[in-house]
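[1] using only what follows, build the 3D model:
(chains A, B, C and D)
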There are 2 protein chains.
Amino acid sequence: MPSAVPDSGTTPEPTAEALLAAASEIFAEKGLGLARVRDIATRAGANVAAISYHFGGKQALYREVLRRQARARISRYPMPDATSSSTQEPERLLAAAIQALLGRFLADDGSALMARLMVRELAAPTPALTALIEDVIHPQYQALSGIVARLLGTQADAQLVQRATFSVISQCIFYLFARPLVTVLAPQTYDDQPVPALAAHITGFSLAALRTLRMQLEEASDA
Amino acid sequence: MPSAVPDSGTTPEPTAEALLAAASEIFAEKGLGLARVRDIATRAGANVAAISYHFGGKQALYREVLRRQARARISRYPMPDATSSSTQEPERLLAAAIQALLGRFLADDGSALMARLMVRELAAPTPALTALIEDVIHPQYQALSGIVARLLGTQADAQLVQRATFSVISQCIFYLFARPLVTVLAPQTYDDQPVPALAAHITGFSLAALRTLRMQLEEASDA
DNA sequence: CGTATGCTTAAACATCTGTTTTAATCAAGT
DNA sequence: ACTTGATTAAAACAGATGTTTAAGCATACG
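    Residues are numbered from 1 along each chain as shown, chains lettered A, B, ... in the order given. This next block holds a predicted model:
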C-alpha cells in the first residue's frame, strides 16, 4: 500500500540521507558507544536494517557522519590561507583565523554538531579520530602555524612555533570543550553573540604575546 | 582452602577498596556508560556480585569513585594561594600555578585518573559534574584569577581578568583533553618530562601577553 | 505479462549487559 | 563443636544490542 510519492529525483537515496541526519544528532548526543542503532532508525523514520544495508554497520555510519560533518563545517568557516594571501598583514590573518576557529566551535547553526562530535572523539577516541585529524585538522593546523611563524619572525625555531600555535588553538577550543565549566564560572559568556567578543580577546592576548616573544628573540640574537 | 592471610586490620574491607581502585581506572578509560562491571570485578580480583553487594550498583560505585578521587586530588595538590602569599612576585606565583595545573593534568601518578574522569565529565556531563566543579575547580580558578588580576594591574576590569584567566587555564588543560590531537600533530610532546618545558612556554607566552596588556591599559588611561 | 532489481520491513539471532539469586565459605563468639 | 553473621562465588535472569535473514513491495525492463 504505497501511501507516499516515491520522491523521484530530489535526493538519490532519501533513507540514507535521513539516517545520516538522525545519526549526526544522536552520535553528537550520546557518542558512538552509547548511541543505539534503533534510536537512529526511529528518528530517521527508517528500519534498523537500513543502517547495515546502506552503510554496512554502525561504525561505518559513524565514520560517514564524521566525514560529512567535518567537510560541512570547514567549508562554512574556511581558514584563511597564509600562502595565497601572503600580501596581507599576518595580524589580520591571525584575527581571521581565530574568528574562523571560534565560529566553528561556537556557532549555533546546523553544523554545530561537528563541534560536539569532535569533543567526544577527543574525550573517547575511536579509530575514526586519527583519519579525521590527518585529513581535516592537520591542514588547518598547518595554515595557522604558518601565520604564527610569520608573526614570530625568522628567529623562532620550529618548536616555539608549534607551541605558540597550540597556545592560540587552545584558547579557542577551550570555550567549546570546557563549556559546562565556563557556564558555571562565567554564566554570561555564551549570551548573545559570543564569538566576536571572545575572538577580540584571544586575538589581543595572542598578538601581545607573539609580538613580545619576537622582540625578545631578536634582542637575544642581536647580542 | 584459605591460601592467603586474611589481611586482618590493614583495610576494613579489602574487596571494596580493590573494587574502587579498579573502577577508578576503568571508568577513566571507558566512561560510565561503556565501563563493564565484569571488567571492573575481574581487574579487582573480585566477583561481579560484589559491586551490588558493597555499593548497590554500577552508578553508585561511579559516584563513590568520583567523590574519592576529587577528595584525593584536592588534598594532594593545593593551589598556591594568592592572598596568603601576596608578598611574592605575581610572576613567580603564575609560574607556580601553571606548573601545578600542568602537573595535575599530565602527571602520571596514581591520582592522574581524576583528570581523565574530569575530561569525560566535560564531554558527557553527568549529574555529578556541578558538584565536582564547585568542589575542585572553582577554588583553583579563584586563586589563579587573583594572580592574573595582580599581573594586569588595577586598570583591568573584571571581564578582562576573567578572560585572561581562561586564556591561561586553556593553554594548560589543552594538553590534557586534546592529547590525541597533540600526539598526532606533535608526537614528541609527551616524551620524557613534558611538564617543565610546557610550563615554561605557557608561562612565557602568558606573561608576555599580560605585561603588554597592562602596558596598553595604563597608556590608555594616561591619555 | 513476467522477471529482475533495489529497497524496505518484521522477525530472528547470538551475544552481551547489570543485577539477583542461591549456595558455599570463613572468622568469631559461645 | 555449633551457631551466627558477614562475605564471596557460580549460575541464572530479564532485557538490550548490533547484525542478519527471509519475505514483501514497487518500479524498470524484456
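
[2] does the lowest-mean-pLDDT helix or strand in chain A reach chain B?
    None of the helices or strands of chain A scores lower by mean pLDDT, DSSP states H and E than helix A:128-132, at a mean of 85. Yes. Against chain B, helix A:128-132 shows contacts by Cβ under 8 Å from any Cβ of the partner chain at A:129-130. (C-beta placed from N, C-alpha, C; glycine too.)

[3] would you mark the buried spots in that helix?
    Residues of helix A:128-132 classed as buried: A:128-129, A:132 (neighbour count, 16 or more other Cβ atoms under 10 Å in any protein chain shown).

[4] and stretch A:16-36, by the same measure?
    For stretch A:16-36, a neighbour-count test (16+ other Cβ under 10 Å) marks A:16, A:18-28, A:30-32, A:34-35 as buried.

[5] what of stretch A:101-110?
    Under 16+ other Cβ under 10 Å, the buried positions of stretch A:101-110 are A:101-107.

[6] touching chain B at all, it?
    No. Contact of stretch A:101-110 with chain B (Cβ under 8 Å from any Cβ) is absent, the minimum separation being 12.0 Å.

[7] equivalent analysis for stretch A:32-44, please.
    Yes. Counting by Cβ under 8 Å from any Cβ, chain B is contacted by stretch A:32-44 at A:33-34.

[8] ok, and what's touching that stretch?
    For stretch A:32-44, contacts defined as Cβ atoms under 8 Å, 6 or more residues apart in numbering or on different chains pick out A:15, A:18-19, A:21-23, A:25-27, A:29-30, A:47-48, A:50-51, A:58-59, A:61-62, A:120, A:124, A:126, B:31, B:33-34.

[9] cool, and stretch A:115-126?
    A:24, A:27-29, A:31-33, A:62, A:65-66, A:69, A:73, A:104-106, A:128-129, A:132, A:176-177, B:30-31, B:34, B:119-120, B:122-124, B:177-181.

[10] returning to what we had before: out of the buried residues of helix A:128-132, which comes closest to chain B?
    For chain B, the nearest member of the buried residues of helix A:128-132 is A:Leu129. The distance, counting by Cβ to the nearest Cβ, is 5.8 Å.

[11] phi, psi of the residue nearest to A:Arg104 when sequence neighbours are not counted?
    Spatial nearest neighbour of A:Arg104, chain neighbours left out: A:Tyr77 (4.6 Å); criterion: Cβ to Cβ, 6 or more residues apart in numbering or on different chains. Main-chain dihedrals, A:Tyr77, degrees, to the nearest 10: phi -120, psi 80.

[12] shouldn't A:Tyr77 be in contact with A:Gly103?
    Yes. Using Cβ atoms under 8 Å, A:Tyr77 makes contact with A:Gly103 at a distance of 4.5 Å.

[13] buried stuff in stretch A:120-139?
    Taking 16+ other Cβ under 10 Å as the criterion, stretch A:120-139 shows A:120-126, A:128-129, A:132-133, A:136-137 as buried.

[14] what's the burial count for the nearest residue to A:Glu134 once chain neighbours are set aside?
    Closest residue to A:Glu134 in three dimensions, ignoring its sequence neighbours and counting by Cβ to Cβ, 6+ apart: B:Val184, at 6.9 Å. B:Val184 sits with 16 neighbouring residues when counted by other Cβ atoms under 10 Å in any protein chain shown.

[15] could you list every helix and strand in contact with the helix or strand where B:Val184 lies?
    Using DSSP states H and E, B:Val184 sits within helix B:179-185. Counting by 3 or more Cβ pairs under 8 Å, 6 or more residues apart in numbering or on different chains; DSSP states H and E, the packing neighbours recorded for helix B:179-185 are helix A:113-123, helix A:138-152.

[16] pick the most buried one from these.
    Comparing the helices and strands packed on helix B:179-185 by mean neighbour count (mean count of other Cβ atoms under 10 Å in any protein chain shown), helix A:113-123 comes out on top with a mean of 23.

[17] next, format the buried residues of helix A:128-132 as CSV and append distance to A:Val168.
    Output for the buried residues of helix A:128-132, formatted as CSV (distance: Cβ to Cβ, whole Å):
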residue, distance to A:Val168
A:Ala128, 26
A:Leu129, 22
A:Leu132, 21
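
[18] picking up where we left off before, least confident of the helices and strands packed on helix B:179-185, on average?
    Ranked by mean pLDDT, the helices and strands packed on helix B:179-185 bottom out at helix A:113-123, which scores a mean of 90.

[19] on that earlier part again, what's the closest of the buried residues of stretch A:101-110 to A:Val161?
    The closest of these to A:Val161 turns out to be A:Leu101 (Cβ to Cβ; 17.2 Å).

[20] can you narrow the contacts of stretch A:32-44 to ones near DNA strand C?
    A:15, A:47-48, A:50 (Cβ under 7 Å from any atom of the strand).

[21] return the members of those residues classed as buried.
    Going by neighbour count (16+ other Cβ under 10 Å), those have A:15, A:50 buried.

[22] number of residues surrounding the residue in chain A positioned nearest to DNA strand D?
    Nearest residue of chain A to DNA strand D: A:Gly57, at 3.0 Å (Cβ to the nearest atom of the strand). For A:Gly57, the neighbour count with other Cβ under 10 Å is 11.

[23] check contacts around it.
    Residues in contact with A:Gly57 (Cβ under 8 Å, 6+ apart) are A:Ile51.

[24] now the one helix or strand A:Ala28 maps to against helix B:14-34, angle please.
    Using DSSP H and E, A:Ala28 maps to helix A:14-34. Orientation check (axes from the mean of the first three to the mean of the last three Cα atoms, to 10 degrees): helix A:14-34 against helix B:14-34 gives 160 degrees.

[25] check which element follows helix A:14-34 along the chain.
    Downstream of helix A:14-34, the next assigned helix or strand under DSSP H and E is helix A:37-44.

[26] by contact count, what packs against the helix or strand containing A:Arg63?
    Counting by DSSP H and E, the element that carries A:Arg63 is helix A:58-76. Judged by 3+ Cβ pairs under 8 Å, 6+ apart, the packing partners of helix A:58-76 are helix A:14-34, helix A:49-55, helix A:90-106, helix A:113-123, helix A:128-132.
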